[in-house]
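sequence unavailable; structure follows:
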């Protein structure tokens, strides 16, 4: 460990939280984040999307807080005289099946947030392993991983997803009670991970490539640190910031992708409750009842918007060069 | 340069082969029997099943099928669908439609995107800058099928300015779908132009040009803009591939019989050869446009040398 790093660490209060000066890098990262936090907490471009994301998470975890109506209790006969518009009883009106649309839209947050976050986390895990190995070792292993990402990249995302989802059909799903209510859930998560990791892997690779040139990496190597230790303790903490920022944006992109696949009819299927499915009603019905497209459309857009803005704000705060 | 080009072309081959192989494998693994589906309710005789299986090499091992198929592709034979129609026929019919759509989208990206970016950069921090920033981030965030529906309902159904769907009205019917298809990239082009131009306007050579007494529009238009276009042009070249393959959602919303729709329908009907043929075409477009991007870097930025 280098001296100036340790000195820098003690200059920041936050670094005290780092266990006994175990690693310089963790201390530096904490101070970077604490600087960023000082700037972020006064920035409306961060606070607004952060608040919206928080709201979305709460909505996904506890939809019961927002509505007491069961989204699956529907009265088809209520739609006999045409689909009811929004009213005091049903804030967002009813849908084609006579279900309360407000509660269906609220419950729709759940799959979106779940899929957005789980796909991002899994893709990130793959990307961190492959990207850092490729960048750290270079040589043939780098060529192999880089060519593999090239190949994956060459497959158009939406079309690739359509082909894979049709191929998978219902096969991968262990039939558990939980899955029945979320038709197509496991397949969509799997496909989006499969198609999502190359982008992140490239990012991790280029980020690690930069970080591994630093002097402290040479210092650690001279001191006899193992490759594993150098990667985990020294390189990754310094290379991870742009990756985290990009992950925030990815959650938004994945949410939009899930909705697009469900909209096309190959993603989630009924009885799943998803904004994408809600938007896939026949155009003719939507023309007569614009509220059916408007509410899920607005929720979906705001969700994606929040994650992308949040990522933008984080990037501005964490990487002053890009400002 | 020649050497670099050759190396890149050689590198394209494995990417191309693996990508098509992946798609071929996935299509091959699709559940269900397309021949049974073809006959519908009637059960075909064993001999006609055998004849069809033989004709489409379905009895060969999977890898042999792939090799036979790729050999055919090299001679321009993309096979036929299960109704006996040549895949190349489908391609010549569908590709022009999507290409037209992509051209409209691309033109809008270039015109509106770059102009909006320049306006925002020149008036940085002012009203127009914020307007461009907020509207572009909104367009990037709103999923494209929502944009499509909004545009269709608002501008076509309510206002009646554009045809609602289909391609029967010639050029006019491509305007609105083209705009929707290009909207997200348009937003990226605007933001990229702005960032790049803002950065270059701070450069020394811009100050020198201004202090020589040069007109501001000439400083921006000739000096700063030319250097700022490097990332924008590379983004645009990169975008050609994604416009053509990304058209499926726009084509669904506006009911346009293009290549994206055709692939989607072929997947649902398990028309393996059509899926593979069309996606092979898309992969080719993508790989070639990627190569173009790399070469463009060198043309636009003389500091980059190819070895």
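In hand now; what should we look at? All figures in this text were calculated on a predicted structure; none of them were measured in a lab.

strands of the stretch 151-300 of chain B, start to end?
Taking DSSP state E, counting those that start in this stretch, the stretch 151-300 of chain B contains no strands at all.

show me what stretch B:191-207 is in contact with.
By Cβ atoms under 8 Å, 6 or more residues apart in numbering or on different chains, the residues outside stretch B:191-207 that reach it are B:113-114, B:116-118, B:120-122, B:124, B:129, B:132-133, B:136, B:219-220, B:223-225, B:227-232, B:235. Just so you know, the C-beta spots here come from the backbone N, C-alpha and C atoms, and that holds for glycine as well.

buried subset of the residues you listed as a PyMOL selection?
Applying 16 or more other Cβ atoms under 10 Å in any protein chain shown to the contacts of stretch B:191-207, the buried members can be selected in PyMOL as follows:
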select buried, chain B and resi 113+114+116+117+118+120+121+122+129+132+133+136+219+220+223+224+225+227+228+229+230+231+232+235
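
wondering if stretch A:305-313 reaches chain B at all.
Yes: under the criterion of Cβ under 8 Å from any Cβ of the partner chain, chain B is reached by stretch A:305-313 at A:305, A:308, A:309, A:312.

okay, now the closest residue to chain A within the stretch 151-300 of chain B: neighbour count?
Residue nearest to chain A within the stretch 151-300 of chain B: residue B:245 (3.4 Å; Cβ to the nearest Cβ). Using other Cβ atoms under 10 Å in any protein chain shown, residue B:245 is surrounded by 27 other residues.

OK, contacts around it?
Residues in contact with residue B:245 (Cβ under 8 Å, 6+ apart) are A:156, A:158, A:159, B:260, B:282, B:285, B:286.

the residues you listed in helices, which ones?
A:158, A:159, B:260, B:282, B:285, B:286 (DSSP state H).

so the last one makes contact with residue B:243?
Translated: residue B:286. No: counting by Cβ atoms under 8 Å, residue B:243 is not a contact partner of residue B:286; they are 10.5 Å apart.

so between these two, which is more surrounded?
residue B:243 (26 against 23).

the residue nearest to the more buried one when sequence neighbours are not counted: what's it in contact with?
In this structure, residue B:243 finds its nearest non-sequential neighbour in residue B:102, 4.3 Å apart by Cβ to Cβ, 6 or more residues apart in numbering or on different chains. The contact partners of residue B:102, by Cβ under 8 Å, 6+ apart, come to B:178, B:181, B:240, B:243, B:244, B:247.

quick check: mean pLDDT across the helix or strand harbouring residue B:102?
For residue B:102, the element it lies in under DSSP states H and E is helix B:87-108. In this model, helix B:87-108 has an average pLDDT of 87.

tally of neighbours for residue A:304?
Residue A:304: 26 neighbours (other Cβ under 10 Å).

list the buried ones in stretch A:210-217?
Under 16+ other Cβ under 10 Å, the buried positions of stretch A:210-217 are A:211, A:212, A:214, A:216, A:217.

with pLDDT added, can I get these in CSV?
Shown next, in CSV, are the buried residues of stretch A:210-217 (pLDDT from 0 to 100):
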residue, pLDDT
A:211, 82
A:212, 81
A:214, 81
A:216, 85
A:217, 83
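
does residue A:118 touch residue A:188 like I think?
No: the pair residue A:118 / residue A:188 is not scored as a contact, 10.2 Å apart, by Cβ under 8 Å.

and those two? which has more neighbours close in?
Per other Cβ under 10 Å, whichever of residue A:118 and residue A:188 has more neighbours is residue A:188, with 29 against 16.

and the closest residue in space to residue B:66 that isn't next to it in sequence, how far is that from residue B:70?
Spatial nearest neighbour of residue B:66, excluding adjacent residues (Cβ to Cβ, 6+ apart): residue B:24 at 5.1 Å. Remark: distance between residue B:24 and residue B:70 (Cβ to Cβ, to the nearest Å) = 9 Å.

which one of those two is surrounded by more residues?
When neighbours are counted by other Cβ under 10 Å, residue B:24 comes out ahead of the other of residue B:24 and residue B:70, with 22 against 16.

chain A contacts on the stretch 1-150 of chain B?
B:11, B:14-16, B:18-19, B:22-23, B:26-27, B:29-31, B:137-138, B:140-146, B:149-150.

give me the buried entries from these.
Looks like the residues of the stretch 1-150 of chain B next to chain A have B:15-16, B:18-19, B:22-23, B:26-27, B:30, B:137, B:140-146, B:149-150 buried, using 16+ other Cβ under 10 Å.

in the stretch 1-150 of chain B, which spans are helices?
For the stretch 1-150 of chain B, the helices defined by DSSP state H, counting those that start in this stretch cover B:2-28, B:34-39, B:46-55, B:62-74, B:87-108, B:114-122, B:127-141, B:144-151.

worst mean pLDDT among the ones you listed?
If you rank the helices of the stretch 1-150 of chain B by mean pLDDT, helix B:34-39 sits at the bottom with a mean of 64.

where's the residue nearest to residue B:182 when sequence neighbours are not counted relative to residue A:264, distance?
Closest residue to residue B:182 apart from its sequence neighbours, by Cβ to Cβ, 6+ apart: residue B:105 at 3.1 Å. Residue B:105 sits 19 Å away from residue A:264, going by Cβ to Cβ.

how about the residues of chain A near chain B?
A:147, A:150-151, A:154-156, A:158-160, A:162-164, A:166-167, A:169, A:171, A:252, A:256, A:259-260, A:263-264, A:279, A:283, A:286-287, A:290, A:293, A:297, A:300-301, A:304-305, A:308-309, A:312.
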